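K.L.:
A structural model of the following input is requested.
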Amino acid sequence: MSLVDADAGTERFSGYEADLKLVQADLNQQIEVIKESTGEPRKAAISKAERALEESEELIDQMRLEKSNIPANLKSKYNARFRNLEHDLDEAKRKIQSYSSDRSKLFGDRYTDNPDTDAQLEQRQQLLSGTDRLQRSSGRLTAAQRMALETEEIGAGTLSDLSRQREQIVSTRERLLESEGYTDRSIKTLKSMARRMATNRIITIAIITMHSPTVNPLHSEVTKAPRAPRARKLNVPRNGIHPNKAGYCFRGGVATGEPQGTIETLYGVRTYVARPPSTSTSTSTIVSFTDGFGLDLVNNKILADAYASATGIRVLVPDIIPGGPMPVWVLDTMEAAMGPVDLCDISGQFKRIAGFASILRHFVPFMYRARPTLPATMNVCLEYTRKVKADLPVGGKLGVAGFCWGGYFGVNLCAETAKEGGDERLVDAAFAAHPSFLNAPDQIVDAVLKFKSPLVVARAELDGGLKAPAAEAAEATLRQKVGNGDGENGYNYQITTYKGVDHGFAIRAKPGDEVGAAAADGAKEQAINWRSASREQLQQQLHAVLQQPDKIPSESSTASNAPRDSSPDSYASSTSRTFEFEADPQDCPPSTYHVPWLGGSCTPSPRARAPMYHTMLRNWAMVNCTSLYKNSSGPTHSTWPRDVVL
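P.N.:
Residues are numbered from 1 along each chain as shown. The predicted structure follows:
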């Protein structure tokens, strides 16, 4: 035992001893009162004495526990004091018991031990009366306890109701806060629409003003415009100002024809599947994200069929727009609203206003729930594309095409990984036609730089979504950082502007619009064969190198004078090091292309020519295939193969 514990034990023992002496003093006082009193005062004194006795016993028990912490040299003294206190307590206990059993003192002068006397009968009657009162009191206590239990149950039910009401209030508060957010966003949307309406009004006034008399700045005379009919038509020129840029996403025509694919449920999403001809052996897949009209617009299905037929690759068109697409009738309504109307044709003007109002009833909710920039919309498309990628067989590649609403994903999915947290790129090639809501040029640049994913962006000259300055800035940035996009440094990209066409030309070209139809065909061919120009250019370079070997600079004078067998067959057995290309048959044609080694009078040795061939083959691989594999450190004079297979 430590010295600190010993000192603490003696202090606590002494404290309990002092408290016990105070209680014993009170106990002795009550004992004296008991001696001198009778009847009810005596009973009260006995009760007080018994309480003091109980308190004394508790203190004695505490002192008994603290004795174990007293040092051995002091234990005998404290034991003696403890025994004295116990003796005094026992003595007081005996006195109380003695006084409690003295019936004559308890009952006073009325007590008698003779059962035949009237006093005895009176005492018995008092006891019976007291017992009866005690029973009635017990009954009242039982009833009170029952009422308390019932009250407790009622209180518990009330608390449960209050808890549910609190949850309802909290839920209502959350919904109100959410509704407040919706209201704020709606107010912002309405303000934006009001600004656009004001802009349209100013533009309309400007167009009307264009028909007013004008002053020739070179002459002082007034040149009057030709007299026009009273009711004038407001026709907006194709290459002029568009009075309603908000409608660029919802204009165009509906294609004629029957889709050849099928509707299936893939990865939990309703999907249009356009399959290639039965002769195709491709294991790749193209995911095509539609414009805002989704699968309800037959154009998206017919274009998917065209892609599948031309490329030999399966095309998936998911019906993935959150909350559903815009109704197709909006196209006709928008065309009618944007068409020429007599300025004084009140009925026509009201029809135009009614058309805009009916479109806005769908446009505002669509923009609120399905805007591509919303994280929820992006996550849905990203998850679907990752599932398609994960389900591809070995060697299969994933292409992504996007139009208008879907063009946003055609660009931004190039910067995503195949798996969350992974490092493999998700998209192997992408095509985006007139994409909407892009943060250009940054998102276009990121899509190309992050994983070197080949990307084509086809924009319209009159597009209000991706404007010329942003597209030009993106192309300039990419040229500065990675080159011209024709395979240089492994980067492939194209940003093409189609002249004289509006937004939506690649998917919703109007019937009878020859310019729009030609642009749509051009965009389709560009999506299918956009790398063909680079491939042909490399073929020409490779043939030029092979057919004119004397013009290839030698690596060194020593290398140029190296001995060489002029026989074409001298390298036939040198096949220990070869180049192999791994690619999808659709990306790299299955035909074998042989590059014969030239012999005879050419000055450079194979060793001197090796770096040139290596560079050519590497560039070929970047344009035509996914990767280039070499099974050894490099070619040498003695082991360079006779033929190189592309």
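
K.L.:
now Val427: which helix or strand?
P.N.:
Here Val427 is covered by no helix or strand, with elements defined by DSSP states H and E.

K.L.:
near it, how many other residues are there?
P.N.:
As a burial measure, Val427 scores 26 neighbours (other CB atoms under 10 Å). Heads up, the C-betas are built off the backbone N, CA and C, glycines and all.

K.L.:
please apply the same query to Tyr491.
P.N.:
Neighbour tally, Tyr491, other CB under 10 Å: 20.

K.L.:
from Ala527, how far out is it?
P.N.:
19 Å (CB to CB, to the nearest Å).

K.L.:
so which elements touch the helix or strand encompassing Ser76?
P.N.:
Element membership for Ser76, per DSSP H and E: helix 72-101. The contact analysis (3 or more CB pairs under 8 Å, 6 or more residues apart in numbering; DSSP states H and E) places helix 72-101 against helix 3-36, helix 39-66.

K.L.:
could you give the angle of the longest one to helix 72-101?
P.N.:
Between the axis of helix 3-36 and that of helix 72-101 there is an angle of 20 degrees, by axes from the mean of the first three to the mean of the last three CA atoms, to 10 degrees.

K.L.:
which of the residues in helix 3-36 are buried?
P.N.:
For helix 3-36, the neighbour count (16 or more other CB atoms under 10 Å) marks 6, 9-10, 12-13, 16-17, 19-20, 23-24, 26-28, 30-31, 33-34 as buried.

K.L.:
repeat for stretch 375-392
P.N.:
Quick answer for stretch 375-392 (16+ other CB under 10 Å): 377-378, 380-382, 384-386, 388-389.

K.L.:
from those, which land in helices?
P.N.:
Among the buried residues of stretch 375-392, the members found in helices (DSSP state H) are 377-378, 380-382, 384-386, 388-389.

K.L.:
from those residues, pick the one nearest Ser160.
P.N.:
Val380 (40.3 Å; CB to CB).

K.L.:
report the separation between that closest one and Ile321.
P.N.:
Val380 is 9 Å from Ile321, by CB to CB.

K.L.:
so, low pLDDT: which residues of the stretch 151-300 of the chain?
P.N.:
203-253 (pLDDT under 70).

K.L.:
helices of that one, residue ranges please.
P.N.:
298-311 (DSSP state H, counting those that start in this stretch).

K.L.:
which residues of it fall in strands?
P.N.:
Per DSSP state E, counting those that start in this stretch, the stretch 151-300 of the chain carries strands over the ranges 214-215, 222-223, 262-266, 269-274, 285-289.

K.L.:
out of these, deepest packed?
P.N.:
Comparing those by mean neighbour count (mean count of other CB atoms under 10 Å), strand 285-289 comes out on top with a mean of 25.

K.L.:
just checking, what packs against that strand?
P.N.:
Looks like strand 285-289 contacts helix 298-311, strand 314-318, helix 375-390, strand 398-403, helix 407-412 (3+ CB pairs under 8 Å, 6+ apart).

K.L.:
for Tyr182, find the nearest of the ones you listed.
P.N.:
helix 375-390 (14.5 Å).

K.L.:
the inter-axis angle of the closest one versus strand 314-318?
P.N.:
Angle between the axes of helix 375-390 and strand 314-318 is 160 degrees (criterion: the same axes, to 10 degrees).

K.L.:
can I get helix 375-390 in PDB, CA atoms only?
P.N.:
Presented in PDB, the C-alpha positions along helix 375-390 are these (Å, rounded to 0.1, in the frame of the first residue of the first chain):
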ATOM      1  CA  PRO A 375     -24.000  15.800 -62.500                       C
ATOM      2  CA  ALA A 376     -27.000  13.400 -62.400                       C
ATOM      3  CA  THR A 377     -27.300  13.500 -66.100                       C
ATOM      4  CA  MET A 378     -23.600  13.000 -66.700                       C
ATOM      5  CA  ASN A 379     -23.500  10.100 -64.200                       C
ATOM      6  CA  VAL A 380     -26.300   8.200 -65.900                       C
ATOM      7  CA  CYS A 381     -24.500   8.400 -69.300                       C
ATOM      8  CA  LEU A 382     -21.100   7.600 -67.800                       C
ATOM      9  CA  GLU A 383     -22.400   4.600 -65.900                       C
ATOM     10  CA  TYR A 384     -24.100   3.200 -69.100                       C
ATOM     11  CA  THR A 385     -21.000   3.700 -71.200                       C
ATOM     12  CA  ARG A 386     -18.800   2.000 -68.600                       C
ATOM     13  CA  LYS A 387     -21.100  -1.000 -68.500                       C
ATOM     14  CA  VAL A 388     -20.900  -1.300 -72.300                       C
ATOM     15  CA  LYS A 389     -17.100  -1.000 -72.200                       C
ATOM     16  CA  ALA A 390     -16.800  -3.700 -69.500                       C
END
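
K.L.:
and which of the ones in helices among the buried residues of stretch 375-392 is nearest to Thr285?
P.N.:
Relative to Thr285, the closest of these is Val388; by CB to CB it sits at 5.9 Å.

K.L.:
now do the strands in the stretch 401-550 of the chain.
P.N.:
Using DSSP E, counting those that start in this stretch, strands in the stretch 401-550 of the chain cover 429-433, 455-460, 493-498.

K.L.:
what's in contact with the first one?
P.N.:
Just to be clear, that refers to strand 429-433. The contact list for strand 429-433 (CB atoms under 8 Å, 6 or more residues apart in numbering) reads 397, 399-404, 407-408, 410-411, 413-414, 447, 453-459, 505-507, 523, 526-527, 530.

K.L.:
in its sheet, what does it sit against?
P.N.:
strand 398-403 (parallel), strand 455-460 (parallel) (DSSP bridges).

K.L.:
I'd like those strands laid out as CSV, including mean pLDDT and distance to Phe437.
P.N.:
Formatted as CSV, the strands paired with strand 429-433 follow (pLDDT from 0 to 100; distance: least, CB to CB, whole Å):
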stretch, mean pLDDT, distance to Phe437
strand 398-403, 94, 11
strand 455-460, 91, 14
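
K.L.:
which one of the ones you listed lies nearest to Pro372?
P.N.:
strand 398-403 (9.3 Å).

K.L.:
what distance separates the start and the end of stretch 278-287?
P.N.:
End-to-end distance for stretch 278-287: 20 Å, by CA to CA, to the nearest Å.

K.L.:
contacting residues around it?
P.N.:
With CB under 8 Å, 6+ apart, stretch 278-287 has contacts from 276, 307-308, 311-318, 384-385, 388, 392-401, 428, 584-587.

K.L.:
show me which residues of that stretch are buried.
P.N.:
So for stretch 278-287, counting by 16+ other CB under 10 Å, buried means 280, 282-287.

K.L.:
list just the nearest of these to Ala92.
P.N.:
Nearest to Ala92, judged by CB to CB, of those is Val287 at 97.6 Å.

K.L.:
show me what that closest one is bridged to.
P.N.:
With DSSP bridges as the rule, Val287 is bridged to Leu316, Val400.

K.L.:
any idea how far Ala429 is from it?
P.N.:
For Val287, the distance to Ala429 - CB to CB - is 11 Å.

K.L.:
closest one to Asn73 out of the buried residues of stretch 278-287, please.
P.N.:
Proximity of the buried residues of stretch 278-287 to Asn73 (CB to CB) peaks at Val287, which lies at 92.9 Å.

K.L.:
measure Glu472 to Ala415 for me?
P.N.:
Counting by CB to CB, the gap from Glu472 to Ala415 is 21 Å.

K.L.:
okay, now Lys43: neighbour count?
P.N.:
16.

K.L.:
nope, Asp305 is what I meant
P.N.:
Neighbours of Asp305 under the rule other CB under 10 Å: 20.

K.L.:
can you check Arg479 too?
P.N.:
Arg479: 13 neighbours (other CB under 10 Å).

K.L.:
what sits against it?
P.N.:
Arg479 neighbours (CB under 8 Å, 6+ apart): Gly485.

K.L.:
I'd say Leu89 and Glu55 touch.
P.N.:
No. With contact defined as CB atoms under 8 Å, Leu89 does not count as touching Glu55 (10.7 Å).
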